[in-house]
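Student: have a look at this prediction, sequence included:
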Amino acid sequence: MKKHIGFLLMICFMVACNSSQKKKKVKSSYKHEIVAQEVIQVSGYTYVHSEENGKEIWVAVPSFDGKVGEIYYFNDGLEMFDFKSKELNKTFKSIYFLQKVYTNPIVKAVVKKTKNAYTLVSKNKKSISFEDKKIIKMEASKGVTSIASLFEGLSRFDGKKVSVKGKVTKFSAMIMNKNWIHLQDGSDFEGEYDLTITTLQDFKVGDIVLLEGVVAVEKDFGYGYKYKLILEDAKALEM
């Protein structure tokens, strides 16, 4: 009887040790590990209210299917202070703007060149294009440069003021004190069809706009925001 009890105790001890080993915390490849406590979806972004090492933290990520209770990982993002969200009518004392969060702690983030920006992606995973190509027919206009032409002649347009016309496919308000839009006009140069633009004016997704701004090539804002081509400080013109 004592032998059976001893054997059972030994089995229980081995199971407990095995279980303990399974629950052993995996060393993360990322600098930040957060637990989502609240997820808020707005146009173009997902806000995640979370906790890191007992400290409250907010992050904003291009729209994804965030879930309460999920653990997310990320490296450095763009931290903004006293940021006010018009859609939420809320001012965040501190919030990180990220390009992506990860659910696997042992997959390192690398920077990989995508369409017209350098996007954070996972190793061995297909790069994600934030803006899919839309079917747009835009008639050629005098004095208006197509998006395809801009990408085709990068060095020629760098630093020049140009006018572009197209459809707004994405609008993000007041990031780094600027509004950010994505514009497409139906043209395409070697897979480049989406133009990122900064402006102080408000637009809606679906708007057809004529904008004038200054072209910048290989623009690096830091924190992973690097663009092969961007139109800066754009203003709307009458059509």
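Tutor: Perfect, I can see it now.
Student: excluding residues flanking it in the chain, which one is nearest residue 133?
Tutor: residue 193 (5.3 Å; CB to CB, 6 or more residues apart in numbering). Heads up, the C-betas are built off the backbone N, CA and C, glycines and all.
Student: list phi and psi for the one you found.
Tutor: When read as degrees, to the nearest 10, the backbone of residue 193 gives phi -140, psi -10.
Student: that one touches residue 150, doesn't it?
Tutor: No: Residue 193 lies out of contact with residue 150 (CB atoms under 8 Å); the separation is 10.7 Å.
Student: I figured residue 68 hits residue 36, correct?
Tutor: Yes: counting by CB under 8 Å, residue 36 is a contact partner of residue 68 at 5.4 Å.
Student: more crowded one of these two?
Tutor: residue 36 (19 against 12; other CB atoms under 10 Å).
Student: show me the beta-bridge partners of the more buried one.
Tutor: Residue 36 forms beta bridges with residue 50, as assigned by DSSP bridges.
Student: mind listing what it touches?
Tutor: 48, 49, 50, 66, 67, 68, 69, 70, 71, 72 (CB atoms under 8 Å, 6 or more residues apart in numbering).
Student: between the residues you listed, which has the most around it?
Tutor: For these, the largest number of neighbours (other CB under 10 Å) sits with residue 48, at 27 neighbours.
Student: hang on, the earlier thing: how close does the residue nearest to residue 133 get to residue 148?
Tutor: 7 Å (CB to CB, to the nearest Å).
Student: more crowded one of the two?
Tutor: Set residue 193 next to residue 148 and count neighbours by other CB under 10 Å: residue 193 wins out with 24 against 17.
Student: what distance do you get for that one to residue 61?
Tutor: Distance, residue 193 to residue 61, using CB to CB: 24 Å.
Student: overlap in contacts of residue 193 and residue 148?
Tutor: Residues touching both residue 193 and residue 148 by CB under 8 Å, 6+ apart: residue 187.
Student: now for the helix or strand encompassing residue 168, which elements pack on it?
Tutor: Assessed by DSSP states H and E, residue 168 sits inside strand 161-175. The contact analysis (3 or more CB pairs under 8 Å, 6 or more residues apart in numbering; DSSP states H and E) places strand 161-175 against strand 78-85, helix 147-152, strand 178-184, strand 195-199, strand 208-220.
Student: convert the C-alpha atoms of that strand to PDB, please.
Tutor: Output in PDB follows, covering the C-alpha atoms of strand 161-175 (Å, rounded to 0.1, in the frame of the first residue of the first chain):
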ATOM      1  CA  LYS A 161       5.500  71.800 -55.500                       C
ATOM      2  CA  VAL A 162       2.900  69.700 -57.500                       C
ATOM      3  CA  SER A 163      -0.900  69.200 -57.800                       C
ATOM      4  CA  VAL A 164      -2.500  65.900 -57.500                       C
ATOM      5  CA  LYS A 165      -6.100  64.800 -57.900                       C
ATOM      6  CA  GLY A 166      -7.700  61.600 -56.600                       C
ATOM      7  CA  LYS A 167      -9.900  59.800 -54.100                       C
ATOM      8  CA  VAL A 168      -9.200  59.800 -50.400                       C
ATOM      9  CA  THR A 169      -8.900  56.200 -49.300                       C
ATOM     10  CA  LYS A 170      -7.900  56.800 -45.700                       C
ATOM     11  CA  PHE A 171      -7.900  59.800 -43.300                       C
ATOM     12  CA  SER A 172      -6.200  60.000 -39.900                       C
ATOM     13  CA  ALA A 173      -6.600  63.100 -37.800                       C
ATOM     14  CA  MET A 174      -3.900  65.000 -35.900                       C
ATOM     15  CA  ILE A 175      -0.900  62.600 -35.700                       C
END
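Student: great, nothing more from me.
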